[in-house]
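Asks: Just a sequence and a predicted model for now, questions to come.
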Amino acid sequence: MHQDTAAALSLLTPAAVRARAQVILDAGLAGKLEHFSVRPDRLAPAADFVATITREAYPSLDIPFHSRWRHFVIDGEDRWTALANAVSWPSAAARARAEFDLAIVSVLLDAGAGAAWRYHDIATGRDVGRSEGLALASLAMFSKGLFSGRPGDRLRVDAAKLSELTSAALLDGFGAGPDNSLTGIEGRTDLLRRLGKVVLSTPSVFATKDDPRPGGLFDHLANLAPDGRIAAAVVLTEVLRHFGSIWPARLTLGGVPLGDCWHHPAVRTGDATNRLTPFHKLSQWLTYSLIEPMERAGMTVTNVDGLTGLAEYRNGGLFLDTGVLALHNEVDSRRQHDVGSALVVEWRALTVALLDRMAGLVRERLGLNACELPLPRILQGGTWAAGRAMARKLRADGSPPLQVASDGTVF
């Protein structure tokens, strides 16, 4: 293996995300960052707020994982479970493939929608925005067979159908238009088309039990777990390796696409990965969302805390809005920033590292240990909800404290 290829593959792990985020946090604690200062004394009050939000939402502290499946529940009705339970699946694996199909497409469509867009949910008559609206829209598209190449089998995603997807079809599915604009529609369409082409070109991974479909990844992962056990970090690495080339115009190293990976000057190494800072936000969100289908199919996913917190604007906004982080230049709060800018990379890295510290404090306040309350439950309980609640408290439209220019493929 070429030296640069080996270096690149080392970045396709949650351990790399965590280690390099910690380097940037250490620089922040030492007062050496260009854009942010870190105030560790504010972390305890922020943890108090997260614990309060968690107890309000989950009084019994029976907290599910932070995953896409939570967004398919509206007004107490679990839309996907109701739909899936009405199907006579030929096997547990068949249902898992369909759930992988849905989760993969829905997560890839989950990048920030913008503050104005709303999805009109016919069943409730409600207009639903942001992640919940994107989830309901993607579930509706999936259930209607938009992504299926088989008229008699709507609940599937076929690679050939994805590769021909049009932005007009997605616009219609999202109910978007001039009066209901959705950020990054072309980016989302291109991402799904790329996904279709990658799946078509890799039958050894995605077509071992069926026609090429994203859900074929379930069979690939099952083959890696002959005893039925697989580490969460392995799932993420497989997601990154096999979906890496779908990301547009990103960094590559040694011929390996690096995905959600960016430069930051505080990260200094002695090899080809110098200054490279990975996050893999959507891929980790996807990995969290694949755990439940695997477990329903009888697999055991181990060491879930090997994954990291998610470097996105709700978790990051929590730290800014509670004063754990402070901008050196307040003018930056009124500007829009490119996702690859040093400021945004800094913010995201600090978010990942601070979530690890927050996790310990929240567990103390709730009287639970790491096994009882792993990181994805803390995110769900949790930091993501607290970030949204704080944003609504401070800003009428609930927008995050920093504005990031999105192409629909990062946040």
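Replies: Yes, it's here.
Asks: what about the strands in the stretch 1-150 of the chain?
Replies: 36-38, 73-74, 77-78, 119-121, 126-128 (DSSP state E, counting those that start in this stretch).
Asks: Next: the stretch 201-350 of the chain.
Replies: Secondary structure of the stretch 201-350 of the chain (DSSP E, counting those that start in this stretch): strands located at 229-231, 252-253, 256-257, 261-263, 276-278, 300-302, 325-327, 336-338.
Asks: Using TSV, please lay out the strands of the stretch 1-150 of the chain together with distance to A94.
Replies: From N, CA and C alone the C-beta is placed, and that goes for glycine too. Putting the strands of the stretch 1-150 of the chain into TSV (distance: least, CB to CB, whole Å) gives the following:
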stretch	distance to A94
strand 36-38	48
strand 73-74	23
strand 77-78	20
strand 119-121	28
strand 126-128	30
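Asks: quick one, which of those strands is nearest to A326?
Replies: Between A326 and the strands of the stretch 1-150 of the chain, the tightest spacing by CB to CB is seen for strand 36-38, at 5.0 Å.
Asks: What are the contacting residues of that closest one?
Replies: With contact meaning CB atoms under 8 Å, 6 or more residues apart in numbering, strand 36-38 is reached by 25, 28-29, 31, 324-328, 343, 346-347, 350, 354.
Asks: now do stretch 201-209
Replies: With contact meaning CB under 8 Å, 6+ apart, stretch 201-209 is reached by 93, 97, 159, 199, 212-214, 216-217, 219-220, 223, 242.
Asks: repeat for stretch 77-85
Replies: 69, 72-73, 95, 98-99, 102, 136, 139, 143, 155.
Asks: so what's M390 closest to, chain neighbours aside?
Replies: Nearest residue to M390, sequence neighbours excluded (CB to CB, 6 or more residues apart in numbering): D321, at 4.3 Å.
Asks: repeat for A47
Replies: Spatial nearest neighbour of A47, chain neighbours left out: L361 (3.6 Å); criterion: CB to CB, 6+ apart.
Asks: who does the helix or strand hosting the one you found touch, helix- and strand-wise?
Replies: Following DSSP states H and E, one finds L361 within helix 342-366. Contacts defined by 3 or more CB pairs under 8 Å, 6 or more residues apart in numbering; DSSP states H and E place helix 342-366 against helix 14-29, strand 36-38, helix 43-57, strand 261-263, helix 313-321, strand 325-327, strand 336-338, helix 375-378.
Asks: Can I get these in TSV including mean neighbour count?
Replies: Listed next are these as TSV, based on neighbours: other CB atoms under 10 Å:
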stretch	mean neighbour count
helix 14-29	20
strand 36-38	19
helix 43-57	18
strand 261-263	21
helix 313-321	26
strand 325-327	19
strand 336-338	14
helix 375-378	26
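Asks: If you compare the directions of the helix holding L361 and helix 313-321, what angle comes out?
Replies: Orientation of helix 342-366 against helix 313-321 (axes from the mean of the first three to the mean of the last three CA atoms, to 10 degrees) gives an angle of 80 degrees.
Asks: for the residue nearest to F49 when sequence neighbours are not counted, what are its contacts?
Replies: Distances taken as CB to CB, 6+ apart place A386 nearest to F49, at 5.6 Å, with adjacent residues excluded. Neighbouring residues of A386 by CB under 8 Å, 6+ apart: 46, 49-50, 53, 318.
Asks: Ok, L251 next?
Replies: 257-258, 261-262, 276 are the contacts of L251 under CB under 8 Å, 6+ apart.
Asks: Please report phi then psi for it.
Replies: Backbone torsions for L251, taken as degrees, to the nearest 10, come to phi -70, psi 150.
Asks: Could you list the low-confidence segments of the stretch 101-250 of the chain?
Replies: Under the criterion pLDDT under 70, the flagged ranges of the stretch 101-250 of the chain are 112-114, 249.
Asks: Let me see the ranges of the helices in it.
Replies: 130-143, 159-162, 167-174, 185-201, 203-206, 217-223, 232-243 (DSSP state H, counting those that start in this stretch).
Asks: Which one of the ones you listed lies nearest to D338?
Replies: helix 185-201 (14.1 Å).
Asks: In PDB, list the C-alpha atoms belonging to the closest one.
Replies: Taking C-alpha atoms only, helix 185-201 is exported to PDB below (Å, rounded to 0.1, in the frame of the first residue of the first chain):
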ATOM      1  CA  ILE A 185     -31.400  21.000  -3.800                       C
ATOM      2  CA  GLU A 186     -28.800  20.600  -6.600                       C
ATOM      3  CA  GLY A 187     -26.200  19.300  -4.100                       C
ATOM      4  CA  ARG A 188     -28.700  16.800  -2.700                       C
ATOM      5  CA  THR A 189     -29.700  15.600  -6.100                       C
ATOM      6  CA  ASP A 190     -26.100  15.200  -7.200                       C
ATOM      7  CA  LEU A 191     -25.200  13.300  -4.000                       C
ATOM      8  CA  LEU A 192     -27.900  10.700  -4.500                       C
ATOM      9  CA  ARG A 193     -27.000  10.300  -8.200                       C
ATOM     10  CA  ARG A 194     -23.400   9.800  -7.200                       C
ATOM     11  CA  LEU A 195     -24.600   7.200  -4.600                       C
ATOM     12  CA  GLY A 196     -26.500   5.400  -7.300                       C
ATOM     13  CA  LYS A 197     -23.400   5.200  -9.500                       C
ATOM     14  CA  VAL A 198     -21.100   4.100  -6.700                       C
ATOM     15  CA  VAL A 199     -23.500   1.300  -5.700                       C
ATOM     16  CA  LEU A 200     -23.900   0.200  -9.300                       C
ATOM     17  CA  SER A 201     -20.100   0.000  -9.700                       C
END
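Asks: Can you report how many residues lie near the residue nearest to A47?
Replies: Residues lying near L361 (other CB atoms under 10 Å) number 17.
Asks: hmm, back to that, distance to Y58 added to the strands of the stretch 201-350 of the chain, as CSV?
Replies: As requested, these are arranged in CSV below (distance: least, CB to CB, whole Å):
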stretch, distance to Y58
strand 229-231, 26
strand 252-253, 42
strand 256-257, 38
strand 261-263, 34
strand 276-278, 31
strand 300-302, 21
strand 325-327, 26
strand 336-338, 34
